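Colleague: Would you be able to build a 3D model of this:
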Amino acid sequence: MPTSPEFAAAFHALHRGPEPLRLVNAWDPGSALLMQSLGAPAVATSSAAVAWARGYGDGDHLPIETLVPLVAAITRKLKVPLTVDFEGGYSADPAVVGANVAALIDAGAAGINIEDGSAEPELLCRKTEAVRTAAARAGVPLFINARCDVYLRGLVPPEQRVAELLARGRRYVQAGADGLFAAGAREPGEIAAICAGMDGTPVNILAMPGVPAAAELARLGVRRVSAGSGIAESVYARIAALAGDFLRDGDGQPLGREALPYAELNGLMSR
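Modeller: Now for the predicted structure:
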């Protein structure tokens with residue numbers, strides 16, 4: 001079902017709450033429904049987790065023809081907004097990126113992340129303009145979260161990161177972005193400087209080791225915190241441990257420890 005303007009507007013409003021929006025990242029309808037059942041006010045996808053679950057590597061390798069029906073399958077039962085990790089838009093051509101996001105809106109997405117990677121900022125500006133045009137054509141105030149990879153990819157020396165990220169972030173907002181994803185920023189002073197420098201634009205931080213918890217991030221000015229691929233990475237570690245032990249000794253006892261009961265999971269998915 002296409003995204004309603006009201007649903008997208010509700011997702012925007014979550015960035016103006018008293019605390020930062022805490023986004024858990026799912027990879028299929030089942031994981032999204034489980035996260036919703038735990039009280040998540042919105043759910044995000046993780047591009048890495050989505051790709052891995054389908055046997056692809058992260059990094060624009062997943063075909064858009066695979067992503068769109070997945071988003072539709074998630075939103076079919078989800079009652080909270082879904083924001084989609086859109087990587088680089090799955091094309092270097094802004095016109096194609098616009099068409100791709102139109103398909104995601106038609107599948108029910110209320111927001112997207114779109115990243116600059118190692119490309120020149122001008123390319124993400126043109127992609128963002130194309131996304132905003134496609135959303136306006138659909139009549140949906142899609143939340144565009146521009147992910148700046150200055151930190152994650154080490155694009156400039158450490159002492160230049162804040163200034164470079166702010167310069168890019170302001171350009172992305174001028175092009176139509178609603179938020180800035182400062183993925184990889186960890187140090188409190190730098191996070192505070194980024195938030196102050198974005199003049200009220202919601203800043204998103206990626207939760208990872210060394211990053212302050214949400215309460216401290218709120219004090220620094222952060223409006224959104226994402227789990228990213230961290231939950232999926234932990235899930236895969238648990239799968240590897242259980243499967244490895246079972247292949248070694250064939251003992252079913254550990255499979256029942258710390259497991260959600262079959263009836264509970266089946267009931268959740270059957271509603």
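Colleague: name the element N25 belongs to?
Modeller: Here N25 sits within strand 21-26, counting by DSSP states H and E.
Colleague: can you list the residues that contact that strand?
Modeller: 14-15, 32, 34-35, 38, 40-46, 49, 74, 83, 85, 214, 223-232 (CB atoms under 8 Å, 6 or more residues apart in numbering). Placement of C-beta: from N, CA and C, glycine included.
Colleague: so what strands line up beside it?
Modeller: The pairing partners recorded for strand 21-26 under DSSP bridges are strand 43-45 (parallel), strand 224-226 (parallel).
Colleague: Among the contacts of strand 21-26, which lie within strands?
Modeller: Counting by DSSP state E, the contacts of strand 21-26 place 43-45, 83, 85, 224-226 in strands.
Colleague: residues contacting the nearest residue to V43 once chain neighbours are set aside?
Modeller: Closest residue in space to V43, ignoring its immediate chain neighbours: A32 at 4.9 Å, by CB to CB, 6 or more residues apart in numbering. For A32, the contact set (CB under 8 Å, 6+ apart) comprises 26, 43, 45, 74, 78, 82.
Colleague: hang on, the earlier thing: and the furthest pair within the ones in strands among the contacts of strand 21-26?
Modeller: Maximum pairwise distance among the ones in strands among the contacts of strand 21-26 (CB to CB): 16.0 Å, between T45 and V225.
Colleague: Which one's more surrounded, the two?
Modeller: Comparing T45 with V225 by neighbour count (other CB atoms under 10 Å), the higher total belongs to T45, at 26 against 22.
Colleague: what residues does stretch 180-197 touch?
Modeller: Contacts to stretch 180-197, defined as CB under 8 Å, 6+ apart, come from residues 113, 115, 145-152, 161-162, 165-166, 169, 172-173, 198, 201-206, 208, 210-212, 216-217, 220-222, 226, 228.
Colleague: Let me see the mean pLDDT of that stretch.
Modeller: For stretch 180-197, the mean per-residue pLDDT is 98.
Colleague: Go through it and flag the buried ones.
Modeller: For stretch 180-197, burial by neighbour count (16 or more other CB atoms under 10 Å) applies to 180-185, 190-195, 197.
Colleague: Go through those residues and flag which are in helices.
Modeller: Under the assignment DSSP state H, those contribute 190-195, 197 to helices.
Colleague: As CSV, the residues you listed with distance to L62 would be great.
Modeller: Converted to CSV, those look like this (distance: CB to CB, whole Å):
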residue, distance to L62
E190, 31
I191, 30
A192, 35
A193, 34
I194, 29
C195, 31
G197, 33
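Colleague: and which of those residues is nearest to D60?
Modeller: I194 (25.6 Å).
Colleague: From A182, how far off is the closest one?
Modeller: Using CB to CB, to the nearest Å, I194 is found at 5 Å from A182.
Colleague: Now do the contacts for the residue lying farthest from the centre of the chain.
Modeller: Distance from the C-alpha centroid of the chain, by CA atoms, centre = their mean, peaks at D249 (38.4 Å). Not one residue lies near D249 by CB under 8 Å, 6+ apart.
Colleague: Average the pLDDT values over stretch 110-121 and round to the nearest integer.
Modeller: Taken as a whole, stretch 110-121 has a mean pLDDT of 97.
Colleague: That stretch: which residues count as buried?
Modeller: 110-117, 121.
Colleague: And stretch 46-54, by the same measure?
Modeller: 46-53.
Colleague: burial measure for the residue lying closest to P141 once chain neighbours are set aside, as a count.
Modeller: Leaving aside its chain neighbours, P141 sits nearest to A8 (4.8 Å; criterion: CB to CB, 6+ apart). By other CB under 10 Å, 23 other residues sit near A8.
Colleague: correct me, but A8 touches G108?
Modeller: No - using CB atoms under 8 Å, A8 is not in contact with G108; the gap is 10.1 Å.
Colleague: wait, isn't V173 in contact with T201?
Modeller: Yes - taking contacts as CB under 8 Å, V173 lies within contact range of T201: 5.4 Å.
Colleague: Before I go, just wanted to say thanks for your time.
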